[in-house]
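> with the input below, show me the fold.
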Amino acid sequence: MFEEVMTGRVSTKDLAYNELREKIVKGILEPGQPIVEEELAKELEISRTPLRESLQRLELEGLISRGINGRMNVAPISIQEVKEIFIIRGNLEGIVIENAIDNITEREIEHLTHLVEILRMTSSLEDFETIDNYGGQFHEYIYKVSRNTIAVRFLSQINSLINRYRRLAHKCIIDTKKSVDEHEIILNYIIKKDKENAVAAVNKHILGSMNQAIKTVENYKNSQR
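Got it, this is the predicted structure:
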């Protein structure tokens, strides 16, 4: 699949990392599944060196775990991890949304409004992939507007874990309209420059995602018994 060369600015190890991360986040590589380097190297058509470098990066991000015997597996999922990463995300997003309110321009408000309008149009289709995409763009644009590079860096570091559980949560989403409404409420508080309610609204939204992810983890673990 990948030749061991630089493709523009993207190296083989980066391509392998992106491919494996996507497989883990989407659940194609399941929690606890053994990582067999020889099989992956053959599947991706790369040598073991760039593969190992990509696996080490995924291990640092918490998507791959290493046992005491040195063997690697796709990291397990747990309710405790869900709670930890979503609470951290909520606290960090509370910080960036306050900063965003201080910095946001009319043009940036127009862009956030456009994203909410797209979310509204797609909600009736129950296309969770599209809703997740534009919902993610909404949050990431707020990160950009905040100009808080440190908070955004920390959010980026846990981004893969967050996306993994968000995708799991979408397997049991019942009310897409509610999710869209929550994004619109957040936007309205940003427009009003109401920091207190904007922070409360984003935390409520993230808490809802956390609870959905917890239910999905419970369902997954029950199905494995």
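
> which helix is the longest one in the chain?
For the chain, the helix with the greatest residue count under DSSP state H is helix 195-224.

> can you give me the helices for this protein?
Counting by DSSP H, the helices of the chain are 12-25, 37-44, 48-60, 79-103, 106-123, 128-146, 149-157, 159-170, 176-192, 195-224.

> the helix or strand of the chain with the lowest mean pLDDT packs against which elements?
Every helix and strand in the chain was compared by mean pLDDT, DSSP states H and E; the lowest is helix 159-170, with a mean of 80. With contacts defined as 3 or more CB pairs under 8 Å, 6 or more residues apart in numbering; DSSP states H and E, helix 159-170 has these neighbours: helix 12-25, helix 79-103, helix 128-146, helix 195-224. No exception for glycine: its C-beta is placed from N, CA and C like everyone else's.

> off-centre distance for that helix?
Its chain's average C-alpha position is 5 Å from that of helix 159-170, according to CA atoms, centre = their mean, to the nearest Å.

> okay, domains of the protein per the record?
12-74, 79-224 (automatic domain parsing).

> in CSV: these, plus mean neighbour count.
Formatted as CSV, the domains of the chain follow (neighbours: other CB atoms under 10 Å):
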stretch, mean neighbour count
domain 12-74, 16
domain 79-224, 17
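
> so what's the backbone phi/psi at the spatially most distant residue from the centre of the chain?
Within the chain, the residue lying farthest from the chain centre (CA atoms, centre = their mean) is residue 69, at 29.9 Å. Phi and psi for residue 69, reported as degrees, to the nearest 10, are phi -90, psi 0.

> what residue lies at the spatial centre of the chain?
When CA atoms, centre = their mean is applied to the chain, the residue found nearest the centroid is residue 163 (2.3 Å).

> isn't residue 29 right up against residue 22?
No. Counting by CB atoms under 8 Å, residue 22 is not a contact partner of residue 29; they are 9.4 Å apart.

> low-confidence ranges, the protein, go.
The chain contains residues with pLDDT under 70 at 1-10, 126, 169-175, 225.

> ok, now with 80
For the chain, residues meeting the criterion pLDDT under 80 lie at 1-10, 123-129, 166-176, 223-225.

> so what's the closest residue to residue 178 other than its chain neighbours up against?
By the measure of CB to CB, 6 or more residues apart in numbering, the closest residue to residue 178 outside its immediate chain neighbours is residue 208, 7.7 Å from it. Applying CB atoms under 8 Å, 6 or more residues apart in numbering to residue 208 gives the contacts 178-179, 182.

> chain center to stretch 73-90: distance?
11 Å.

> scratch that, stretch 137-151
That offset, for stretch 137-151, works out to 14 Å (CA atoms, centre = their mean).

> can you list contacts of it?
Residues outside stretch 137-151 that contact it (CB under 8 Å, 6+ apart) are 92-93, 95-97, 99-100, 103-104, 108, 111-112, 115-116, 119, 152, 155, 183, 190.

> and residue 61, what is it in contact with?
21, 157, 160-161.
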